[in-house]
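Participant: Structure of the sequence below:
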Amino acid sequence: MSRLFVCLQHWLPARTLGRLVHRLSRARLRWWKNLLILGFCRLYGVDRASAARPVPDGYASFNAFFTRELKPGLRPIDPDPAALVAPADGRIAQFGEARAGRLLQAKGLDYSLADLCGSDRRAERYRDGAFLTIYLAPRDYHRVHAPAAGRLRWMHHIPGERFAVNAATAARLPGLFARNERLVCHFEGDWGPFAVVLVGALNVASIGTAWTGELPAPDRARLWHYPPPSGPCLDRGQYLGQFNLGSTVILLLPPGAARLDPGLTLDQRVFVGRRIGSLAGGT
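Facilitator: Model (predicted):
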């Protein structure tokens, strides 16, 4: 069944489907958006009590609910200033080192760091460094936060496919994350560079950031360069961006400057602000 689902995705009109989802998820008819929100909560077991506003009446559309903020205090940031924190709620799909510029996607499958970043030069900064892939399930909180303090230097919006990013597809579709549409945000911290990659997926109508707002799917690659001190500067745990439906976040770290905690495991649940690693010299 999983193999059939992956095969069918090659025939789906992903762009047309994305435009339809975009329109329906932003409809403000009260009965329609309430039907979508409450049905979605029941289907996926969403924790309604964690939402910052009443569900469903506090949200003008389904997308407003999907990209909801949480109640204050529910995602405290690890107090250790040397701690790297999870950029998103979700499940650890893969982690490890980008050995020789290759990242593990699933058992028996890897993909190119340069292909993911869309640039050999920028990818080289993370060669042989650590990476962490977090899959966001439908019921998860879908805002993305900074794993460390840093200033944005480049942002690369790369067009691509919109395959699903669940475990079944990741195990069967080579180069999945480097084939899908993605937004690569390169930051510079006091300790070194790091990147947060927001990977689009099936039904993801758009990706947005705190400094640009919503970014529609590009027809061609777009690169923004922010020479110092012009780029947005984010504190650790600060809101970075969001998925308007979907998806997966990949954290890229440079070799020697940061490390992931040795206790991390596949399928482990992580939450925004929780420790996932440390800067060099940290405990």
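
Participant: so who does the residue lying closest to Ser247 once chain neighbours are set aside touch?
Facilitator: Of all residues beyond its chain neighbours, the one nearest Ser247 is Ala201 (4.1 Å), with distances taken as Cβ to Cβ, 6 or more residues apart in numbering. Using the backbone N, CA and C atoms, a C-beta is placed for each residue, glycine as well. Counting by Cβ atoms under 8 Å, 6 or more residues apart in numbering, Ala201 makes contact with Arg162, Phe163, Ala164, Val165, Asn180, Leu245, Gly246, Ser247, Thr248.

Participant: ok, now with 10 Å
Facilitator: Each residue near Ala201 by Cβ atoms under 10 Å, 6 or more residues apart in numbering is listed here: 14, 18, 135-136, 161-166, 169, 176-177, 180-182, 243, 245-248.

Participant: Could you do Thr248 as well?
Facilitator: Remark: with contacts taken as Cβ under 10 Å, 6+ apart, Thr248 is in contact with 88, 90, 93, 133-136, 165-166, 170, 176-177, 180, 182, 197-201, 204.

Participant: Against Arg48, how distant is Glu214?
Facilitator: Spatial separation of Glu214 from Arg48 under the definition Cβ to Cβ, to the nearest Å is 25 Å.

Participant: Now do the contacts for the nearest residue to Tyr44 once chain neighbours are set aside.
Facilitator: Distance criterion Cβ to Cβ, 6+ apart; nearest residue to Tyr44, sequence neighbours excluded, is Arg139 at 4.1 Å. Contact analysis of Arg139 by Cβ under 10 Å, 6+ apart lists Phe40, Cys41, Leu43, Tyr44, Gly45, Val46, Asp47, Asp89.

Participant: could you redo the last one with a cut-off of 8 Å?
Facilitator: For Arg139, the contacting residues are Tyr44, Gly45, Val46, Asp47, by Cβ under 8 Å, 6+ apart.

Participant: Closest one of the residues you listed to Lys33?
Facilitator: Closest approach to Lys33 among these (Cβ to Cβ): Val46, at 14.8 Å.

Participant: Need the nearest residue in space to that closest one, chain neighbours excluded.
Facilitator: Closest residue to Val46 apart from its sequence neighbours, by Cβ to Cβ, 6+ apart: Arg139 at 4.8 Å.

Participant: can you pull up the bridge partners for Val199?
Facilitator: Arg182, Thr248 (DSSP bridges).

Participant: Surely it is in contact with Arg179?
Facilitator: No - with the criterion set as Cβ atoms under 8 Å, Val199 and Arg179 do not qualify as a contacting pair; they are 9.7 Å apart.

Participant: Which one's more surrounded, those two?
Facilitator: The residue with the greater number of neighbours, taking Val199 and Arg179 and applying other Cβ atoms under 10 Å, is Val199; the counts read 29 against 17.

Participant: how far out from the middle of the chain is stretch 144-157?
Facilitator: Stretch 144-157 has its C-alpha centroid displaced from the chain centroid by 12 Å (Cα atoms, centre = their mean, to the nearest Å).

Participant: Now the terminal residues of that stretch, how far apart.
Facilitator: The straight-line separation of the ends of stretch 144-157 (Cα to Cα, to the nearest Å) is 16 Å.

Participant: i'd like the first residue to be 20 from this point on
Facilitator: Sure, I'll start counting at 20 from here, so that last one is stretch 163-176.

Participant: Name the residues that touch stretch 286-294?
Facilitator: Stretch 286-294 is contacted by residues 94-97, 99, 102-111, 153, 160, 162, 164, 256, 280, 295 when judged by Cβ under 8 Å, 6+ apart.

Participant: next one: stretch 190-201
Facilitator: Where contact means Cβ under 8 Å, 6+ apart, the residues beyond stretch 190-201 that reach it are 21-22, 25, 122, 124-126, 128, 130-131, 134-135, 152, 176-182, 184, 188-189, 216-220, 223, 226, 236-237, 267, 269.
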